[in-house]
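Q: Here you go, sequence then predicted model.
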Amino acid sequence: MKKIYLFSDDLLLTGRWVKLINHQTSIVENMKDLETIKNSILIVNSSIFKEISIKFINDFIKNENQILLLDNTPNLISAKKFLSFGIRGYGNTLMTSSYLNSAIDAISNNYVWLIPQITTLLLKDMAEKNDIKMDEEKLFETLTKTENKIANLLKNGYSNTDISEELEISINTVKTHVKHIYEKLNVKDRFSFANLFSK
């Protein structure tokens, strides 16, 4: 597991993160300290992140670091902007321990992690675009009938819970089908799945 650093202008928030994270963390007190960090994950709140230059972010990422940005009010526009800067995760400053630790695990395994509400909005946004890279029939031809239904629901921004309710199957069954869909389509996560349908 990569070393985890916390950087925030809110001490109460930093204290909350320390309690919720299942891994050892270190608190960064000033920007200068960030320059020496290598091969680590930085968790930072959006209010302080706005003070960091794009050049600094690029240099920080070049040192094999990854950034999880937590926002007081996550929204799709900010998510897209921050992802374009190279951050690997985006969520809510007050999200639950399970989300926070899930984000850390995903990022440490080189995945992009977004809070589910933002993932849903991003998928819907991408699905609404009419420019489709691949013919869906050809893309989905290797999928079973059930996987095809689930793939179409995923494409339209449905969460695992929504799919479970729509198809009246368990969450675990949905997760298994999603895993098989990703394997067959050679994608790693919902973001790369959605990317099949956008330019």
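A: Good, I have the coordinates.
Q: which other helices and strands contact the longest helix along the chain?
A: Criterion DSSP state H: the longest helix present in the chain is helix 171-185. Counting contacts by 3 or more Cβ pairs under 8 Å, 6 or more residues apart in numbering; DSSP states H and E, helix 171-185 packs against helix 145-155, helix 160-167, helix 190-195. Where you see a C-beta, it was placed from the backbone N, CA and C, and this is true even at glycine.
Q: at 10 Å instead, please
A: When contacts are defined as 3 or more Cβ pairs under 10 Å, 6 or more residues apart in numbering; DSSP states H and E, helix 171-185 packs onto helix 136-140, helix 145-155, helix 160-167, helix 190-195.
Q: closest one to residue 106 among these?
A: helix 190-195 (10.6 Å; Cβ to Cβ).
Q: can you dump the C-alpha coordinates of that closest one into CSV?
A: The C-alpha trace of helix 190-195 is given here as CSV (Å, rounded to 0.1, in the frame of the first residue of the first chain):
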residue,chain,number,x,y,z
ARG,A,190,-17.3,2.2,-15.2
PHE,A,191,-15.4,5.2,-16.4
SER,A,192,-13.6,3.2,-19.1
PHE,A,193,-16.8,1.4,-19.9
ALA,A,194,-18.6,4.7,-20.4
ASN,A,195,-15.7,5.9,-22.5
